[in-house]
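Novice: here is a sequence with its predicted model. Questions after.
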Amino acid sequence: MKKLLFLLLGVTILLNSCQQSCVDEKKSQDHLIMSSLWYQKSGEMKAIYHQCFNWAELRIDMILAENTSETKKAVIVDIDETMLDNSPFQTHCINTGESFTKETWSGWTTQIKAKPLPGAVEFSKYAESKGIEVFYISNRSVDDFDVTLKNLQKENFAFADSAHLLLKSDTRSKKPRRDVVRENYEIVLLIGDNLIDFSEIFEDRSANFGFDIVEEHSKDFGFKFIVLPNPMYGEWEREVFENRKDLNNKEKYELRKSNLIGY
Ligand SMILES: [Mg+2]
């Protein structure tokens, strides 16, 4: 009898711990709830996108007034969280506990359902109307080329063709792809939600999260570089996670908390 009671107790403890870890696993992406909610439900988010694209249009007018050279001009834009809204993918991660992997990401991109961000399509058409070409340089994989192009075309972006879409093949640095554009165009403006969308100088953030480099180039923001808001994910997380890819959810949670500044 005593043995049976011990056995039952053991099974109960085991079931509880399994249940707990399943619940924890399901909640492993819950840190994305507030940022995704802000992205999807705040008028402020939409206003900031409009503000940035309105300003980008003004910058085009200013640039064309100052720069009358015959060289063909180009604007470089990023895609994700710059022109297309992938926040439903974050919601999927929150609901399932899955994180970003090549497979989970493809499960979203192949649906060709990403919607344009406020002011993005209009901006691409404005640039076109002023004789400036738009190049889409994204770190989506070249494996996603067809679905990405279809998504841009579906939403009527200007220059949504294979000549204006440069995806990632070997390196996440966008410099080589910017250089390809530079061979035939003068790049007059860059738009993105990640500093690496603008220049390779922002790729290494090992010193003070890259803040000093941002300060050094503070005059370029709003002029050469237009930055859009993405509180959900980004290059900045790498430094928070000490550039480690082997962290489990608990370790990530601890690092997120320990990196916060309190009083
Ligand atoms: Mg992006």
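Specialist: Yep, it's here. Residues are numbered from 1 along each chain as shown.
Novice: any idea how far F225 is from I261?
Specialist: Distance, F225 to I261, by CB to CB, to the nearest Å: 26 Å. Where C-beta positions appear, they are placed from N, C-alpha and C, glycine not excepted.
Novice: let me redo that: S124
Specialist: 38 Å.
Novice: looking at these two, which has the bigger crowd around it?
Specialist: S124 (27 against 4; other CB atoms under 10 Å).
Novice: does the more buried one touch Q153 like I think?
Specialist: No - counting by CB atoms under 8 Å, S124 sits too far from Q153 to count as a contact (11.8 Å).
Novice: for the closest residue to the ion within the stretch 151-263 of the chain, list the residues it contacts.
Specialist: The minimum distance from the stretch 151-263 of the chain to the ion, using CB to the ion, falls at D193 (4.4 Å). Contact partners of D193, counting by CB atoms under 8 Å, 6 or more residues apart in numbering, are 78, 80-82, 227-230, 234.
Novice: what of P231?
Specialist: 35, 38-39.
Novice: could the residues you listed be laid out in TSV, adding distance to F135?
Specialist: Shown next, in TSV, are the contacts of P231 (distance: CB to CB, whole Å):
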residue	distance to F135
S35	28
W38	29
Y39	25
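Novice: among those, which ones are in helices?
Specialist: Judged by DSSP state H, the subset of those located in helices is 35, 38-39.
Novice: among the contacts of D193, which pair sits farthest apart?
Specialist: With distances taken as CB to CB, the most widely separated pair in the contacts of D193 is D80 and V227, at 14.4 Å.
Novice: compare these two (neighbour count), which wins?
Specialist: Legend: neighbour count by other CB under 10 Å for D80 and V227, higher for D80 (22 against 19).
Novice: and that one, what are its phi and psi?
Specialist: phi -70, psi 120 (degrees, to the nearest 10).
Novice: renumber starting at 560 from here on
Specialist: Noted, 560 is the first residue going forward, which turns the last one into D639.
Novice: grab the nearest non-local neighbour of it.
Specialist: Leaving out its chain neighbours, the residue that sits closest to D639 by CB to CB, 6 or more residues apart in numbering is N645, at 5.3 Å.
Novice: run a quick neighbour tally on the one you found.
Specialist: 23.
Novice: can you pull the buried residues of stretch 789-797?
Specialist: For stretch 789-797, the neighbour count (16 or more other CB atoms under 10 Å) marks 789, 791-792, 794 as buried.
Novice: first vs last residue of it, how far apart are they?
Specialist: 15 Å (CA to CA, to the nearest Å).
Novice: mind listing the strands for the stretch 560-709 of the chain?
Specialist: If DSSP state E, counting those that start in this stretch is used as the criterion, the strands of the stretch 560-709 of the chain fall at 632-636, 643-644, 674-675, 692-700.
Novice: let's have the ones you listed in CSV, adding mean neighbour count.
Specialist: CSV is the format used below for the strands of the stretch 560-709 of the chain (neighbours: other CB atoms under 10 Å):
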stretch, mean neighbour count
strand 632-636, 24
strand 643-644, 22
strand 674-675, 17
strand 692-700, 21
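Novice: so which of the ones you listed is nearest the ion?
Specialist: strand 692-700 (7.1 Å).
Novice: pull the CA atoms of that closest one into PDB?
Specialist: Provided in PDB are the C-alpha atoms of strand 692-700 (Å, rounded to 0.1, in the frame of the first residue of the first chain):
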ATOM      1  CA  GLU A 692      14.200  54.000 -58.700                       C
ATOM      2  CA  VAL A 693      13.500  52.000 -55.600                       C
ATOM      3  CA  PHE A 694      15.600  48.900 -54.800                       C
ATOM      4  CA  TYR A 695      14.400  46.400 -52.200                       C
ATOM      5  CA  ILE A 696      17.400  45.000 -50.300                       C
ATOM      6  CA  SER A 697      16.200  42.500 -47.700                       C
ATOM      7  CA  ASN A 698      17.800  39.800 -45.600                       C
ATOM      8  CA  ARG A 699      15.000  37.400 -46.600                       C
ATOM      9  CA  SER A 700      16.700  34.400 -48.100                       C
END
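Novice: for the helix or strand hosting D738, name the packing helices and strands.
Specialist: Secondary structure assignment for D738, by DSSP states H and E: helix 734-741. Judged by 3 or more CB pairs under 8 Å, 6 or more residues apart in numbering; DSSP states H and E, helix 734-741 is in contact with strand 632-636, strand 692-700, strand 724-727.
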